[in-house]
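Novice: need a structure here:
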Amino acid sequence: MNKNNPNININNSVTLVLNASYLPLAVCSSKRALCLYFLNKVDVLMSHDKFIYSPSTRIKVPSVVKLKTYVSYNSLEVVLNRKNLLLRDNSSCQYCGSKSNLTVDHIIPKLKGGSDTWENLIVACSPCNAKKGSRTLKEANMKLMKQPKKPNRFMYFNQFVKNKNVGWKDYLFIDRN
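Specialist: Numbering: from 1, shown residues only. This next block holds a predicted model:
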């Protein structure tokens, strides 16, 4: 626990994981990154301004780690799940912008042939989801704030850089300005 801020929760911190070739692979919890570090599987390239304490040591929480051995993984795909939908849609309803009581909605309802794809799933608040029901946007007289798109891995990583993890820009090929 950090002596200056006892409310820091390591499970809420994230770490960028790079392949041995420095290509971004994933984002994991900082707790997982510390485990990889103690198993001697990664090198820490950058750290947060947070510390983890034990009776015998103090270690900075990793922000960017690099695998020591190369992993053959070339996919730019982002896994379609609720967590990643929330990231893509900035944890806000795509109909009204609300950030509370969030659910996942099918733009084209499953009953009408809609599928579980990035382009057909959005985050919606419970009232908007209930208002739309199993109707199409036109039938419900509703509009999306933005058209949903399938993110690639680099778009996914950008979500973590917005106001935090600015140091990741060097590893994600993002302009620092």
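Novice: Just confirm residue 127 is within a helix.
Specialist: Yes. Using DSSP: H, G, I helix; E, B strand; the rest coil, the assignment for residue 127 is a helix.
Novice: Could you report the neighbour count for the residue nearest to it when sequence neighbours are not counted?
Specialist: Distance criterion Cβ to Cβ, 6 or more residues apart in numbering; nearest residue to residue 127, sequence neighbours excluded, is residue 101 at 7.3 Å. Where you see a C-beta, it was placed from the backbone N, CA and C, and this is true even at glycine. Burial of residue 101, expressed as a neighbour count using other Cβ atoms under 10 Å, amounts to 12.
Novice: pLDDT weak spots in the chain?
Specialist: Within the chain, the stretches with pLDDT under 70 are 1-9, 11, 74, 162-163, 174-177.
Novice: Which stretches in it count as helices?
Specialist: With helices called from DSSP state H, the chain shows them at 30-38, 82-88, 126-132, 137-140, 153-161, 169-172.
Novice: Now distance to residue 51 and mean neighbour count too, for these, in JSON lines please.
Specialist: Formatted as JSON lines, the helices of the chain follow (distance: least, Cβ to Cβ, whole Å; neighbours: other Cβ atoms under 10 Å):
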{"stretch": "helix 30-38", "distance to residue 51": "11", "mean neighbour count": "18"}
{"stretch": "helix 82-88", "distance to residue 51": "27", "mean neighbour count": "16"}
{"stretch": "helix 126-132", "distance to residue 51": "40", "mean neighbour count": "17"}
{"stretch": "helix 137-140", "distance to residue 51": "49", "mean neighbour count": "12"}
{"stretch": "helix 153-161", "distance to residue 51": "21", "mean neighbour count": "17"}
{"stretch": "helix 169-172", "distance to residue 51": "22", "mean neighbour count": "16"}
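Novice: closest to residue 45 out of these?
Specialist: When the helices of the chain are compared for distance to residue 45 using Cβ to Cβ, the nearest one is helix 169-172, at 7.8 Å.
Novice: what's in contact with the closest one?
Specialist: By Cβ atoms under 8 Å, 6 or more residues apart in numbering, the residues outside helix 169-172 that reach it are 16, 18, 22, 24, 45, 64, 154, 157-158, 161, 175-176.
Novice: Next one: residue 24 relative to residue 90, how far apart?
Specialist: Distance, residue 24 to residue 90, by Cβ to Cβ, to the nearest Å: 21 Å.
Novice: who's more crowded, these two?
Specialist: Using other Cβ under 10 Å, the more surrounded residue of residue 24 and residue 90 is residue 24, with 18 against 14.
Novice: Got phi/psi on the residue of the chain positioned farthest from its centre?
Specialist: Farthest-out residue of the chain from its mean C-alpha position, per Cα atoms, centre = their mean: residue 56, at 33.2 Å. The phi and psi values for residue 56, taken as degrees, to the nearest 10, are phi -110, psi -10.
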